[in-house]
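Chemist: fold the following for me, if possible:
(one chain, ligands or ions: 2)
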Amino acid sequence: MTPVIALVGRPNVGKSTIFNQMTHSRDALVADLPGLTRDRKYGEGHYEGRKFIVIDTGGLTGDEVGLDAEMARHSMQAVDEADIVLFIVDGRAGLTAGDQMIADHLRRTGKKAHLVVNKTDGQDPDIATADFYSLGFESTFQTAAAHNRGIKSMLEVLLPEP
Ligand code: GDP
Ligand code: MG
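Modeler: Residues are numbered from 1 along each chain as shown. Ligands and ions are numbered 1, 2, ... in the order given. Coordinates of the predicted model:
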């Protein structure tokens, strides 16, 4: 069975950039405008002969009303559909209340999620990551998706050898 990876997190943390790196496409809209990817977007990726499906989502703000509610619904559907849930956070912005609410939300689904601290470029990745320790994730990855750093080593851990 092809593993399905869901990318969830606040708008603007770099989910679509990670999606594009994983699928080698420029399909997912990457923009400074938060919340641009409003529904789910599916892509196929390959790593060392291992195929996977990745789902990009519009993002959760933690304060889900109106359009946010619609994005949240898609995000949680993506979590449902996934074998592997990646919770992406912004290593530049540091921990926000929205991140905390999403972490609570994910915990309630009972599905194990991995924390991905993105935008670690231009700073000490371990210091950037330390800000998120309080969320209590056992499994943490560090990426700089805009520079294609950390994505392959993350897939190496996430995708079992065939
Ligand atoms: P999304 O809303 O979570 O899908 O975020 P996007 O992928 O659209 O990225 C939002 C912004 O962050 C864009 O301007 C990206 O170029 C930028 N970005 C994404 N990843 C990184 C990164 O690793 N480092 C830096 N410095 N910027 C990034
Ligand atoms: Mg996006």
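
Chemist: how many residues are close by residue 119?
Modeler: Neighbour count for residue 119, taken as other C-beta atoms under 10 Å: 24. No exception for glycine: its C-beta is placed from N, CA and C like everyone else's.

Chemist: quick one: residue 110 from residue 85, how far?
Modeler: Here residue 110 is placed at a distance of 11 Å from residue 85 (C-beta to C-beta, to the nearest Å).

Chemist: who has more neighbours, those two?
Modeler: Shown here are residue 110 and residue 85; by other C-beta under 10 Å, residue 85 has more neighbours (21 against 6).

Chemist: tell me which helix or strand that one sits in.
Modeler: strand 84-90 (DSSP states H and E).

Chemist: hmm, that strand in reach of ligand 2?
Modeler: No - counting by C-beta under 5 Å from the ion, ligand 2 is not contacted by strand 84-90; separation bottoms out at 9.9 Å.

Chemist: report whether the next helix or strand after that strand contacts ligand 1.
Modeler: Using DSSP H and E, the helix or strand that follows strand 84-90 in sequence is helix 97-109. No - figure legend: helix 97-109 not in contact with ligand 1 (C-beta under 6 Å from any ligand atom); closest approach 12.0 Å.

Chemist: between the two ends of stretch 146-157, what distance do you get?
Modeler: End-to-end span of stretch 146-157 (C-alpha to C-alpha, to the nearest Å): 20 Å.
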